[in-house]
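Asks: The sequence and its predicted three-dimensional model are supplied below.
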Amino acid sequence: MEFTSYVLQSFQMLLFWDLPFWIIAGLIIGIFLGALPGVSGVLAISLLLGPSYYLPALKAIILLTAIYTGSVYGGGISAVLMNIPGTPAAICTGFDGYPMTQQGRHNEALGMGIMSSAVGLFGSYLIVLFLFLPLGRVVLKFGPAEMLLVVIFALTSVGMVRSQILPNVLVGLFGLLLGTVGSSPYGNTRGILGQSALIEGLPLIPALLGMLAVSELLVMIEKPFVIPEGLRPKQNLGQIVKGMVLTFRYPKTLFRSSLVGLIVGLMPAAGSTIASIVSYGLAKRAARNPDDFGKGEPRGVIAAETANNASEGGAVATMMLLGIPGSVTTALLIAAFMIHGMSPGPFLVRENLDFAYAVILSQFPIAVILVLVAAIFVNYFGRVIYLPTRILVPAILVFAVVGSLANRGLVIDIFVMLLFALLGFVLKKLDYPVMGFVLGFILGKLVDSELLKAILLFEEDVGGLFQRPAFLILLAVNVLSLAWPKLSELWRGKARAS
């Protein structure tokens, strides 16, 4: 009864006539900035944080969360069309989305991205709505040892195809090595070559732009168009809608990825990038033909986009329940709550539970309106692939340079981008998996810090790890994940023999 009472009371708080306006405005801003390489919803939220003080608290939070949602989705648009993830969370989207574009199936990929994003968002918040308080107790069980196992799972989940195990291991380790450049958890510096600008590590956005975007330009300039003229379907809303409908042919992927996104999102500091990586890896492992991934497999796009949007529900739940930001975006949302006199965490649950439920309920219309706004937006944005490469390549290069400078404004970031572009080009020419390197690079810092914390905590009491239920469950998941390819192969062999 208490739950029903709070939900009804929160629903009444949302009955204001201009609710759709704030949602649509936030989504358009978020999608546009999320689709631009190197620029994200963080910029928009930080700029609107001050002005949001003059809005009623609920309208302000709805506007900012709509920007958050739009930016997470928007990153996948440029990943599909140009292999340039607008945000780090969209990296896995491009693994299969861009090959689909090269095959002339970009409408299908874009439509699947839209519907997957909406389903992931809606599904995760639906679970959060019913399990808001119990979920908080679960998250408190995760320490550095558990987070380390989550990261290991993410690293081993992707790319472990039989024919690519050794190349993935090599480039993954190299990525981890470069990911630890900068200040160590002890305060020492590693591999900065006397450059103080690298103390915080190799900048993520310039590195990813170089590895994934600029390196692709070196390949793209060999062709007059991104896709051959004969493979180019007409860009129209109907074909994008068709891609949305096709999404529901993969209910298992949608369901699994929504759960993965929610669970990873609940973990402090995990975020949408790790959620999409883990989800993509699980989809690949579950597939009958894992070698199809990376070549235009629709389940790859669906898994990545569903999970990175579903993680938002978990991240916002953790932020409101514990006051712990899982990312820069949720840190800004905490600031927005505080501007309006509320402190996320136990105090919010105790004093403003109806407001917290109103924020959760507002995400359902955001998910529905996202489908409409994104379909219209992407219908026009997608026309960029019709441009000849002599126009597209310089334009993308300008975006990449601007994106590299947008974060810190340092010239060294451009050099980092160019070095990673050269590295990416060499890896592609040698047929080494770029994906393995990227994942290692992204997760390097997290592995470094969580490993040190775990050692300091359990150095004298290793047995204490095995008294933690969360650790044992995650350890079992990792062991099963590593053994699954061999087990499934044996099982299929027995099935064929019988």
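Replies: Yes, it's here. Numbering: from 1, shown residues only.
Asks: Whichever strand or helix holds Met244 - contacts with which helices or strands?
Replies: Met244 is located in helix 237-246, with elements delineated by DSSP states H and E. When contacts are defined as 3 or more Cβ pairs under 8 Å, 6 or more residues apart in numbering; DSSP states H and E, helix 237-246 sits against helix 106-139, helix 353-381. To be clear about C-beta, it is placed using only N, CA and C from the backbone, and glycine gets the same treatment.
Asks: Name the residues of the first one that are buried.
Replies: What it means is helix 106-139. Neighbour counts over helix 106-139 (16 or more other Cβ atoms under 10 Å) mark 106-129, 132, 135-136, 139 as buried.
Asks: try stretch 404-418
Replies: Ser404, Leu405, Ala406, Asn407, Leu410, Ile412, Asp413, Ile414, Val416, Met417, Leu418.
Asks: Determine which of the helices and strands packed on helix 237-246 approaches Leu81 most closely.
Replies: helix 106-139 (6.2 Å; Cβ to Cβ).
Asks: before we move on, back to that, flag whichever of the buried residues of stretch 404-418 scores worst on pLDDT.
Replies: The pLDDT minimum for those sits at Asn407, where the score is 63.
Asks: now the angle from the helix holding Met244 to helix 353-381?
Replies: Computed with axes from the mean of the first three to the mean of the last three Cα atoms, to 10 degrees, the direction of helix 237-246 lies at 130 degrees from that of helix 353-381.
Asks: Using PDB, write out the CA atom coordinates for helix 237-246.
Replies: Provided in PDB are the C-alpha atoms of helix 237-246 (Å, rounded to 0.1, in the frame of the first residue of the first chain):
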ATOM      1  CA  LEU A 237      11.500   7.500 -42.300                       C
ATOM      2  CA  GLY A 238       9.700   4.300 -43.400                       C
ATOM      3  CA  GLN A 239      12.900   2.300 -43.600                       C
ATOM      4  CA  ILE A 240      14.000   3.600 -40.200                       C
ATOM      5  CA  VAL A 241      10.600   2.500 -38.700                       C
ATOM      6  CA  LYS A 242      11.100  -0.900 -40.400                       C
ATOM      7  CA  GLY A 243      14.400  -1.200 -38.500                       C
ATOM      8  CA  MET A 244      12.600  -0.400 -35.200                       C
ATOM      9  CA  VAL A 245      10.200  -3.200 -35.900                       C
ATOM     10  CA  LEU A 246      13.000  -5.700 -36.700                       C
END
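Asks: what's the next helix or strand after it packed up against?
Replies: Once the chain leaves helix 237-246, the next helix or strand it forms, by DSSP H and E, is helix 251-266. Judged by 3+ Cβ pairs under 8 Å, 6+ apart, helix 251-266 is in contact with helix 106-139, helix 271-286, helix 298-322.
Asks: the inter-axis angle of the last one versus helix 353-381?
Replies: The reference is to helix 298-322. Using the same axes, to 10 degrees: helix 298-322 against helix 353-381 is 150 degrees.
Asks: Let me see the contact set for the spatially most central residue of the chain.
Replies: For the chain, the residue nearest the mean C-alpha position is Ala89 (2.5 Å; Cα atoms, centre = their mean). By Cβ atoms under 8 Å, 6 or more residues apart in numbering, Ala89 lies in contact with Val72, Gly75, Gly271, Ser272, Thr273, Ala275, Ser276, Asn308, Ser311.
Asks: helix or strand right after the helix or strand that contains the second one?
Replies: Assigned by DSSP H and E, Gly75 falls within helix 57-82. Scanning forward in sequence from helix 57-82 by DSSP H and E, the next helix or strand is helix 91-102.
Asks: Could you list every helix and strand that that next one packs against?
Replies: By 3+ Cβ pairs under 8 Å, 6+ apart, helix 91-102 packs against helix 57-82, helix 106-139, helix 271-286, helix 298-322, helix 434-458.
Asks: any idea which of these is most buried?
Replies: When the helices and strands packed on helix 91-102 are scored by mean count of other Cβ atoms under 10 Å, the highest mean neighbour count falls to helix 298-322 (a mean of 30).
Asks: What are the buried residues along the helix or strand just after that helix?
Replies: Later in the chain than helix 298-322, the nearest helix or strand by DSSP H and E is helix 328-339. Neighbour-count burial for helix 328-339, counted by 16+ other Cβ under 10 Å, picks out Thr329, Thr330, Leu332, Leu333, Ile334, Ala335, Ala336, Phe337.
Asks: do you know how far Leu262 is from Ala275?
Replies: 8 Å (Cβ to Cβ, to the nearest Å).
Asks: Ser52 too?
Replies: Distance from Ser52 to Ala275, by Cβ to Cβ: 27 Å.
Asks: which residue packs closest to Thr87, ignoring adjacent ones?
Replies: Gly75 (3.3 Å; Cβ to Cβ, 6 or more residues apart in numbering).
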